[in-house]
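# sequence and predicted structure are below.
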Amino acid sequence: MQDAIDDKNRLPQPFDETSWSKALKPAAQALWRWHLSLKMPSMEAMVGAGRQVFFEEESARAEAGQSLRVVPEPVAEAAYAVCRAHKLPLALLAEQVKASARFTGAIQFDSYTELQEFVQQWAGAHARLLARLAGQTGSWQLPAIDELARAYFLTGRLIYLPDDLARDRLFIPLDEMRHASVSMEQLRDGTIDEAMKRLFWKQTVRIRDAFAQGQNLAKDLSGWQRRVFKRWWLGGLYVLADFERRQYDVWSKPVVFSPVKRLQVRIQALVGKTSFR
């Protein structure tokens, strides 16, 4: 969910390095560094090559475990080493490389289907790697993992909407904006009217459903994994509820996840409460 990872009060990365056992923490760190480095891929080597061809070549190199031009060598080597040690598919690293081509220019999606394809390739591939690292390798678990990845990613994109727009990035389908009669200028200005509320309501319903579908993964977890999962699942719902409580206003002040809120989520995870209303 988070972009500003150095600000402790901003939204944390789902299932980040703080969520893992001591034995798995270095591996999780390496996979997160790979993922985050691709949000700002190095383009110095893309001279005279088309973007699509360049990233397809880079993706093939990642799947073969070779050095890359878009990821720093120490980051790539560490991620490859984790995949070899834990028998994780390099193809899931390669998928993220291919998706990272989007971050080299303006980002828009004509339809939810197009957005969904990107989210699966970008966030879904990363989530599947983290799940495999945690020992969750069943094919029946993949739908829940993918839904969770989608829920966290899209929640973050709503919370950081003004920041994304400032970088010419939009993760709300254009056809849904047209249907709701919401313009790009209105989004940039943060003018919240009934049309914008309807647009955001549709996004939150979709995300809430994804969280609900992702909860199915919990039944396969035990011990520390279940405890961590519950905190993150509730935390994601908390952020989404906060977005709704403020009537979708992320322009007047940023959404933060303060120590008080974190404590509240921990307590609610212990007592089993799942509502923040």
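In hand now; what should we look at? Note that this is a predicted model, so its numbers are computed, not measured. Numbers count the residues shown, from 1 in each chain.

# in this structure residue 52 contacts residue 102, no?
No: contact criterion C-beta atoms under 8 Å: residue 52 and residue 102 do not qualify, at 11.1 Å. C-betas here are computed from N, CA, C, even on glycine.

# if you count surrounding residues, which of these two has more?
The residue with more neighbours, out of residue 52 and residue 102 and counting by other C-beta atoms under 10 Å, is residue 102; that gives 19 against 10.

# would you list the phi and psi of residue 34?
Residue 34 adopts backbone torsions of phi -60, psi -50, taken as degrees, to the nearest 10.

# let me know the secondary structure of the closest residue in space to it that isn't next to it in sequence.
Spatial nearest neighbour of residue 34, chain neighbours left out: residue 79 (4.0 Å); criterion: C-beta to C-beta, 6 or more residues apart in numbering. Here residue 79 is helix, with the state taken from DSSP: H, G, I helix; E, B strand; the rest coil.

# neighbours around residue 79, how many?
For residue 79, the number of neighbouring residues by other C-beta under 10 Å comes to 26.

# let me see the contact set for it.
Residue 79 is in contact with 30, 31, 33, 34, 93, counting by C-beta atoms under 8 Å, 6 or more residues apart in numbering.

# would you mind measuring from the nearest residue in space to residue 85 that is not next to it in sequence to residue 87?
In space, and not counting its chain neighbours, residue 85 is closest to residue 27: 7.3 Å by C-beta to C-beta, 6+ apart. As judged by C-beta to C-beta, to the nearest Å, residue 27 and residue 87 stand 12 Å apart.

# from the contact counts, what lies against the longest helix seen in the chain?
Counting residues, the longest helix in the chain under DSSP state H turns out to be helix 223-245. Here helix 223-245 touches helix 142-159, helix 194-214, helix 259-271, going by 3 or more C-beta pairs under 8 Å, 6 or more residues apart in numbering; DSSP states H and E.

# the strands in the stretch 1-150 of the chain, which residues?
Taking DSSP state E, counting those that start in this stretch as the criterion, the stretch 1-150 of the chain contains no strands.

# where does it dip in pLDDT?
For the stretch 1-150 of the chain, applying pLDDT under 70 flags the ranges 1-10, 43-49.

# cutoff 50 now
4-9 (pLDDT under 50).

# before we move on, the earlier item: between residue 27 and residue 87, who's got more neighbours?
For residue 27 and residue 87, the more surrounded residue by other C-beta under 10 Å is residue 27, and the numbers stand at 23 against 8.

# that one and residue 138, how far apart?
Distance, residue 27 to residue 138, using C-beta to C-beta: 20 Å.

# again, but for residue 176
Distance of residue 176 to residue 138, given as C-beta to C-beta: 34 Å.

# higher neighbour count, these two?
Set residue 176 next to residue 138 and count neighbours by other C-beta under 10 Å: residue 176 wins out with 18 against 12.

# my read: that one touches residue 202, true?
Yes: with contacts counted by C-beta under 8 Å, residue 176 reaches residue 202, the gap being 6.5 Å.

# residues near residue 39, how many?
Neighbour count of residue 39, defined by other C-beta under 10 Å: 12.

# what does it show for phi and psi?
Per-residue torsions, residue 39: phi -70, psi -20 (degrees, to the nearest 10).

# ok, it - contacts?
100, 103.

# also residue 169?
By C-beta under 8 Å, 6+ apart, the neighbours of residue 169 are 106, 107.
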